[in-house]
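Q: The following comprises the amino acid sequence and a computationally predicted model.
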Amino acid sequence: MSYAIIRNEKYKRENLKGIYRHNERKNKNYSNKNINKEKSHLNYSLKDCKHSYEKEFELIREKYNLKGQIKTVSNIACEYLITSDNEFFTNIGEIETKRYFETAYKFVTQYKNLGEEYILSAKIHLDEETPHMHLVFIPVVHTTDKKGNTIDKIACSEFWKEKDSYRKLQDAFYEYMIKNQFQLERGNAENRVHLSVEDYKKVTGFNKAKTILKDIKLELPDIPNINEFNKLSLNRDKKIEKEIIKPKDELIEKLHQDNIRLYKELDKQVEIISKAEDVEKENLKLKNENKKIEREYKSKVNKLNDENMILTRLLNILEKTVEKLIKWVCKKFAVSSEESFIRDFEKENNTYIDVVQQYKYENYNQDELENEYDEELGN
């Protein structure tokens, strides 16, 4: 099952220029190699930003007379990253993907009574591996001043002041999306970053560490034998041995033991990652097998649905044919009424014309026979 994902970031004024250029695709080059610029024309906005985020912020602040002291260190904007996994969007298709983001956008306007007017931009990116929406908004709280007047105030800390505010955001978003018929599981409240084994290997330098392990030699390097040295220095000052040779020997031994300890730790990490690789391969294999089973299951279900449709149509045709037959017989043989004809037929043949009644009747009789048989066996 896929997850309903919503994550929040807080931004100071100095950050707005950078996220504006990224979200609105104003840069010529991007460090993110997942961005396919040939697909950037597929990106679209649910709320278009006509100016830079900084200018749009000031225009909204002035238009709605937003209160609140803005300092250099103040967070003046927030950004929701809203998405799920690529498989989810592939399965639901283009139209439902658009509805997913439109529904999420509506959620944001209602959450904490924010209002659409305080959203700077809502941009959907389809030029990366997984569709996602960057929604930038001003964290406005609806409160009162010292005189009791109702005001709207820019206050990021107050907007997120509740205990477990991010967990509550995750709960509310998940419930809202489920209510709107999206089959998802609840996202992770702590917004942990989950790395694949391959990504973890890159971060930890796994391949390099593995190579180093092969080349490391843990043999203690050759050092002068003190006893042999003493033979050559019997007449020399014993301070050479005490203050130079022995300290050097002890240092070499200590470094050697440190190398052994580090080697063991590094070897342990390499072994863990190697096992993780095996687990990931096995999970991928199971996932592919599950997909195969799911495809076969869907195929069988579809086949049964088709057969049921055909049987339903045949049954409807049969019922209409029986109705026509009764009318024809009554007319042909001058039967007084169709009702009496049907009643006499059912009584004399112990059979209902109505297929549903006949089905219930036969099932009831079958149950009675089975009960009698069970009683006989008991006796």
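A: Everything's here; your move.

Q: Helix or strand with the lowest mean pLDDT in the chain?
A: helix 197-204 (a mean of 47; mean pLDDT, DSSP states H and E).

Q: Compute the number of surrounding residues for Lys300.
A: Neighbour count of Lys300, defined by other CB atoms under 10 Å: 10. (Each C-beta comes from the backbone N, C-alpha and C, glycine too.)

Q: Got the phi and psi for it?
A: phi -70, psi -40 (degrees, to the nearest 10).

Q: any idea how far Ile293 is from it?
A: Shown here: Lys300 relative to Ile293, a distance of 11 Å by CB to CB, to the nearest Å.

Q: Which neighbours do these two have in common?
A: Counting by CB atoms under 8 Å, 6 or more residues apart in numbering, Lys300 and Ile293 have no common neighbour.

Q: and Ile154, what does it touch?
A: Ile154 sits in contact with 61, 66-68, 70, 76, 138-140, where contact means CB under 8 Å, 6+ apart.

Q: what about 10 Å?
A: Ile154 is in contact with 57, 60-61, 66-70, 74-77, 118, 138-141, counting by CB atoms under 10 Å, 6 or more residues apart in numbering.

Q: For Leu16, which non-adjacent residue is spatially closest?
A: Using CB to CB, 6 or more residues apart in numbering and skipping the chain neighbours, the partner closest in space to Leu16 is Tyr53 (4.1 Å).

Q: Burial check on the one you found, number of neighbours?
A: Neighbours of Tyr53 under the rule other CB under 10 Å: 26.

Q: From what I see, it and Lys12 are in contact.
A: No: counting by CB atoms under 10 Å, Tyr53 sits too far from Lys12 to count as a contact (11.7 Å).

Q: Need the residues touching each of these two.
A: Contact with both Tyr53 and Lys12 is made by residues 76-77, according to CB under 10 Å, 6+ apart.

Q: what does the domain assignment say about the protein?
A: Structural domains annotated on the chain: 3-192, 198-280, 336-379, as defined by automatic domain parsing.

Q: Now do the SS call for the closest residue to Glu38 other than its chain neighbours.
A: Across the structure, with CB to CB, 6+ apart as the measure, the residue nearest Glu38 apart from its sequence neighbours is Asp127 (7.8 Å). The three-state label given to Asp127 by DSSP: H, G, I helix; E, B strand; the rest coil is coil.

Q: How many neighbouring residues does Asp127 have?
A: Using other CB under 10 Å, Asp127 has 17 other residues around it.

Q: could you pull out the helices for the stretch 251-379 of the chain?
A: Secondary structure of the stretch 251-379 of the chain by DSSP state H, counting those that start in this stretch: the helices cover 338-349, 355-378.

Q: Tell me the buried residues in stretch 70-84?
A: Neighbour-count burial for stretch 70-84, with 16 or more other CB atoms under 10 Å as criterion, is recorded at 75-80, 82-84.

Q: Of the residues you listed, which belong to strands?
A: 75-80, 82-83 (DSSP state E).

Q: could those residues be laid out in TSV, adding distance to Ala334 and pLDDT?
A: Compiled in TSV, those are given as follows (distance: CB to CB, whole Å; pLDDT from 0 to 100):
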residue	distance to Ala334	pLDDT
Asn75	92	95
Ile76	92	94
Ala77	88	95
Cys78	85	96
Glu79	84	96
Tyr80	79	96
Ile82	75	95
Thr83	75	94
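
Q: could you dump these to TSV with distance to Asn149?
A: Rendered in TSV, the data for those read as follows (distance: CB to CB, whole Å):
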residue	distance to Asn149
Asn75	25
Ile76	23
Ala77	25
Cys78	25
Glu79	30
Tyr80	30
Ile82	34
Thr83	40
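
Q: All set now, cheers.
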